[in-house]
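Participant: heads up, no residue letters with this:
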RNA sequence: GCGCCCAUCGUCUAGCCCGGCCUAGGACACUGCCUUUUCACGGCGGCGACUGGGGUUCGAAUCCCCAUGGGCGUACCA
C-alpha cells in the first residue's frame, strides 16, 4: 500500500503551533514510509478563510522545512488542493447520496431547528435533528427548490454502532444513536467539514489520517460517509492535544501560539520541530536532542502518548541552545551577523577571529541575540558597578597589575601588533604571579578587572587574545 | 445533560499492551558540590510522581470495576 497522508489547515490565521505539530507528524510519517505528504487547504468557511493566510501558512511550513509533495502551490495528480475549487466534486458526490436514498433535502428553517433543539435540551434529550424532512419526496423537494425555497442536504445516519482501531487510542467504539441526521451540504452549496474531508480523502487516496484528538468524535461521522460511499476508511492516529497551563486547549490567549512569532524571535526551526515532536512522542532510544529530519524509519506512529501535553516553552529555549551549538560555524556567524546592528565592530573582524569568537561564545548562548552582551567582553568599556568589581579595585595589588599590563600592552602595540596570543597572556599572568607575587583571588580577579573592567566573565586566556589591543589599552588607562 | 477520550515528579516523558528486574528511569526548570575567583559549559549530587478506593494475584504503576478530576465533542466552524 502506498502511504499518502495530508495536513489540511484552514486558512483562518497564521500557522498554529498545534498545526505545525500535526503537519510534522504527517510529514515524518510519509518520510518514514516512503510515501507522499499532501497539503490541502480547507477553505469552505468563506467567512473566516483568507488567501493571505493560506500563503502565510505555506511560508510558515517552509520555514519549518516541512515541504509537501503535493499542494495548491506544488501541484500533483490529485488536485485541486483547495476545497473551494472542488465544489463540483462535493456536489456530484452528494447527488449520489441522494440518488441512493442516503441523504435528502431538508427545508427546515433555522428558527424551527433552534426551537426544537431547546425543547430537547430542556427535556434532557440529545438535541438531534428529528428527521422531519426525511419524508419529503424527491419530487416535492424538486418543486420546492424550483419555487426558490432554501434547502440543505442532510445525511441519513444509519442507526448502528461504529468502531475502528486507532493507532493511538486503540479500539474505539461509537455506540448507535450518537448523532442525528446532520448537514453535509449547506444551503449556499458549500460542503461541511466532515463531509468534504471524506470526499477529499477518498479521491486523494489518503491512506492514513494523523490529526489531533479534537477530531476523534468527528471520526464517527466520517466513518458513516466511508460506508455510504462504499470506500475503505483510512487508518487513523489521533495524537493528544496541546494544552495551556490552565489545561485548556491551546489558543490565542495562551500567548505565543503561532509559528510566525517564533520565527520573528529567531528560534531555530530544527529546534522548534525537535521540541514539538517531544510533546506527545518519544524517541525509541529516549534521545532528546536530534534532527527530526534524520529520524527516518525511527519515527513510528505507535509511539504517541495518549494524554495531552502542556505547552511550556522553557524546554524549547534549552533545545534551541543545543541546536544552536550544533550549527556549522559559518552558519552561526551568518546568523549572528544578521542580528547585529549595522556598525557593530564584530562585522569588521577577520574570519578567523569570528570563528574563534562564536565557537567560544556559543556555549553560553541559547539564542543568536545572546551574543550581543557577550561581545561586550571584546569591544565594550563599560565599568562594572558590581560589588565584586568594586572590591577588586580596592585592593592595593590591582594598580600594580594594571601598571604592569599597560606596559606590556603598550610594548605590543609599539611592535605593531593588534592582538596578543594565548601564550602572551600566560606570560603576563605568570609574571604577575612570579614577579609581583600576587596570587589567588587578587591575581585572577585583579587581572580581570584591569583588562575587562568586569568582575566576572569567561576564561581570560580565551578572551584576552580575542580582544583588540587597542581596546585593552583603553581599558587599562581607565579605572 | 449525553457521548467519547485521558490520568506517572512543577513541566516533557520512559515503563503499562506481554504483572515481578520499579526502594519508578531520563530531560527541562530549581538547587548543592567539584573543575587553580565568578559565570556558562561539563561532571557528581539534591528536591520531586504512579489521582483515590475496591478487586484479581504469592506479587500491580502495569489487569478489572467504581469514584474523582480534567479534556474534547455535541454547528448550515474546522
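Facilitator: Now that the structure is in, tell me what you want to look at. Treat the numbers as computed from the prediction; the structure is a model and nothing was measured.

Participant: what's near enough to touch residue A:150?
Facilitator: Shown in contact with residue A:150 (CB atoms under 8 Å, 6 or more residues apart in numbering): A:107, A:187. In short, each C-beta sits where N, CA and C put it, glycine included.

Participant: what does the stretch 1-150 of chain A put close to RNA strand B?
Facilitator: A:8-10, A:42, A:44-45, A:48, A:108-110, A:113, A:117, A:121, A:124, A:126-127, A:150 (CB under 7 Å from any atom of the strand).

Participant: narrow those residues to just the buried residues.
Facilitator: The neighbour-count criterion (16 or more other CB atoms under 10 Å) marks A:8, A:9, A:10, A:42, A:44, A:117, A:127 among these as buried.

Participant: the second one belongs to a strand?
Facilitator: No - if the criterion is DSSP: H, G, I helix; E, B strand; the rest coil, then residue A:9 is coil and not within a strand.

Participant: OK, contacts around residue A:421?
Facilitator: If you count contacts by CB under 8 Å, 6+ apart, residue A:421 has them with residue A:465.

Participant: now do the worst-scoring helix or strand of chain A on mean pLDDT: everything it contacts.
Facilitator: Least confident helix or strand, chain A: helix A:387-394 with a mean of 77, by mean pLDDT, DSSP states H and E. Outside of helix A:387-394, the residues that reach it under the criterion CB under 8 Å, 6+ apart are A:383, A:398, A:445, A:446, A:448, A:449, A:453, A:454, A:455, A:456, A:479.

Participant: ok, 7 Å please
Facilitator: Contacting residues not belonging to helix A:387-394 are listed as A:398, A:445, A:446, A:449, A:454, A:455, A:479 [CB atoms under 7 Å, 6 or more residues apart in numbering].

Participant: just name the closest of those to residue A:362, please.
Facilitator: Each of these was checked against residue A:362 using CB to CB; the closest is residue A:454, at 20.0 Å.

Participant: let me know whether that closest one touches residue A:383 as I believe.
Facilitator: No - applying CB atoms under 7 Å, one finds residue A:454 not in contact with residue A:383, separated by 8.4 Å.

Participant: residue ranges of each domain in chain A, please.
Facilitator: Using automatic domain parsing, the domain parsing of chain A gives A:4-242, A:375-476.

Participant: ends of the longest one, how far apart?
Facilitator: Looking at domain A:4-242, the gap from its leading to its trailing residue is 25 Å under the measure CA to CA, to the nearest Å.

Participant: rounded mean pLDDT for it, please.
Facilitator: Computed over domain A:4-242, the mean pLDDT rounds to 91.

Participant: list phi and psi for the residue of chain A most remote from its centre.
Facilitator: Distance from the C-alpha centroid of chain A peaks at residue A:435, with 58.3 Å (CA atoms, centre = their mean). As for residue A:435, its main-chain torsions (degrees, to the nearest 10) stand at phi -90, psi -40.

Participant: who in the stretch 251-400 of chain A is up against RNA strand B?
Facilitator: Counting by CB under 7 Å from any atom of the strand, the stretch 251-400 of chain A comes close to RNA strand B at A:278-280, A:282, A:286, A:288, A:303, A:305-310, A:312, A:314-315, A:317-318, A:363-364.

Participant: mind listing which of the residues you listed are in helices?
Facilitator: Using DSSP state H, the members of these that fall within helices are A:278, A:314, A:315, A:317, A:318.

Participant: give me the lowest-pLDDT entry from those.
Facilitator: Among these, residue A:314 has the lowest pLDDT, at 87.

Participant: I'd like to know how many residues surround that one.
Facilitator: 7 (other CB atoms under 10 Å).

Participant: do the same with the one 3 residues further on
Facilitator: Here the count is done by other CB under 10 Å, and residue A:317 has 13 residues near it.

Participant: repeat that for residue A:293.
Facilitator: 13.

Participant: can you tell me the SS state at it?
Facilitator: Assignment for residue A:293 (three-state DSSP): helix.

Participant: that one and residue A:15, how far apart?
Facilitator: Relative to residue A:15, residue A:293 is positioned 18 Å away (CB to CB, to the nearest Å).

Participant: could you do residue A:151 as well?
Facilitator: From residue A:151 across to residue A:15, the span is 36 Å (CB to CB).

Participant: more crowded one of those two?
Facilitator: With neighbours defined as other CB under 10 Å, residue A:151 and residue A:15 compare such that residue A:15 has more, 26 against 18.

Participant: how much space between the more buried one and residue A:280?
Facilitator: Separation of residue A:15 from residue A:280 (CB to CB): 18 Å.

Participant: and what of residue A:1?
Facilitator: In terms of CB to CB, residue A:1 sits 25 Å off from residue A:280.

Participant: between those two, which one's more packed in?
Facilitator: Shown here are residue A:1 and residue A:280; by other CB under 10 Å, residue A:280 has more neighbours (22 against 9).

Participant: so residue A:408 touches residue A:428, yeah?
Facilitator: Yes - contact criterion CB under 7 Å: residue A:408 and residue A:428 qualify, at 5.9 Å.
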